[in-house]
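>>> Dropping the sequence and predicted coords here.
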Amino acid sequence: MTQPILKARNLVKRYGRVTALDHCDFELMPGEILAVIGDNGAGKSTLIKALSGAVIPDEGTVELDGKPIRFQSPIDAREAGIETVYQTLAMSPALSIADNMFMGRELRKPGWRGQILRQLDRARMEAMAREKLNELGLMTIQNINQAVETLSGGQRQGVAVARAAAFGSKVIILDEPTAALGVKESRRVLELIQDVRSRGIPIILISHNMPHVFEVADRIHVHRLGKRLCVIDPKQHEMSDAVAYMTGAKDPDPALNAA
Ligand SMILES: Nc1ncnc2c1ncn2[C@@H]1O[C@H](COP(=O)(O)OP(=O)(O)OP(=O)(O)O)[C@@H](O)[C@H]1O
């Protein structure tokens, strides 16, 4: 049987009196797009933060490729191959596309001095950035030295996803990637997400946009009151069912809460 690439059991995270994660289970299978949906405050962001090192859970276990992991920071998760694209994108607008793609992991020329003092290898970074954007069909971006602030919202999201795909060897987490985008730009980003999946990288997609979720997700994790309520197959469920489960208007068949 195929093993999950990322698996969590009984995650608990409390903020004072608020229980953001309440014995939450999670499973991401290789090569899939798994959407995580839930009402405001259901605990979706806390879940992805717990999977990506941004939050340390109070209880519970996480496994990557079958091995237990305990990330202490997002850097640990990145080093393990889990890349997260937050809604805020975490880019430096005044810097170029190439600089943004390599931010925090700049390539340097060989030399005898300490890593930090060696000269940046701009030519290699630009060539690699161009190659990555090209691979993902993002060459509508003309100039790799263009400042990110001159790009449209969709292009920026594209660069952030390309950066994640370039470095996220195991898992990519996307938090509301189409939230701020128009129809055409959303479409391009959805295509990009599917391109990334076709390259074999599984994706966790958090979104409130049900048509987008139903269009690209292979499975949907429905989150309610801090836990996984059920996992549904978008081909076998109506969008209205998903919304009813999410909001508590209707309960799913208990058999659905097995991944
Ligand atoms: N840093 C924090 N400090 C205190 N409470 C928090 C913190 N982060 C989240 N919470 C609380 O935990 C609960 C879950 O929040 P979370 O952001 O994970 O939900 P969400 O499903 O991502 O919501 P949304 O869709 O609105 O972004 C909420 O009640 C929220 O107020």
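Happy to help now that I have it.

>>> what's around residue 109, how many residues?
Per other C-beta atoms under 10 Å, the neighbour tally for residue 109 reads 11. The way it works is simple: take the backbone N, C-alpha and C, and place the C-beta from them, glycine included.

>>> Now do the residue nearest to the spatial centre of the chain against residue 209, distance only.
Most central in the chain under C-alpha atoms, centre = their mean is residue 173, positioned 1.1 Å from the mean C-alpha point. Distance from residue 173 to residue 209, counting by C-beta to C-beta, to the nearest Å: 16 Å.

>>> and what of residue 220?
From residue 220 across to residue 209, the span is 12 Å (C-beta to C-beta).

>>> For the stretch 151-259 of the chain, which segments count as helices?
Ranges of helices in the stretch 151-259 of the chain, per DSSP state H, counting those that start in this stretch, are 153-167, 183-198, 210-216, 239-247.

>>> Can you tell me which of those is nearest to the ligand?
Closest to the ligand of the helices of the stretch 151-259 of the chain, according to C-beta to the nearest ligand atom: helix 239-247, at 10.1 Å.

>>> count of neighbours near residue 230?
Neighbours around residue 230, by other C-beta under 10 Å: 23.

>>> isn't it right up against residue 246?
No. Taking C-beta atoms under 8 Å as the definition, residue 230 is not a contact partner of residue 246, at 10.0 Å.

>>> How many residues are close by the closest residue to residue 35 other than its chain neighbours?
The shortest distance from residue 35 to any non-neighbouring residue, by C-beta to C-beta, 6 or more residues apart in numbering, is to residue 217 (3.8 Å). Neighbours of residue 217 under the rule other C-beta under 10 Å: 24.

>>> same question, residue 202
Around residue 202 there are 22 residues (other C-beta under 10 Å).

>>> May I have the residues that are in contact with it?
Counting by C-beta atoms under 8 Å, 6 or more residues apart in numbering, residue 202 makes contact with 5-6, 28-34, 170-172.

>>> Next step: those residues restricted to strands.
Among those, DSSP state E puts 6, 28, 33-34, 171-172 in strands.

>>> any weak-confidence spans in this protein?
Judged by pLDDT under 70, the chain has its weakly predicted residues at 88-89, 111-118, 136-142, 257-259.

>>> quick one: the strands in it?
6-15, 18-28, 33-38, 59-64, 67-69, 82-85, 171-175, 203-206, 219-224, 227-232.

>>> Against residue 85, how distant is residue 164?
The gap separating residue 164 from residue 85 is 5 Å, by C-beta to C-beta.
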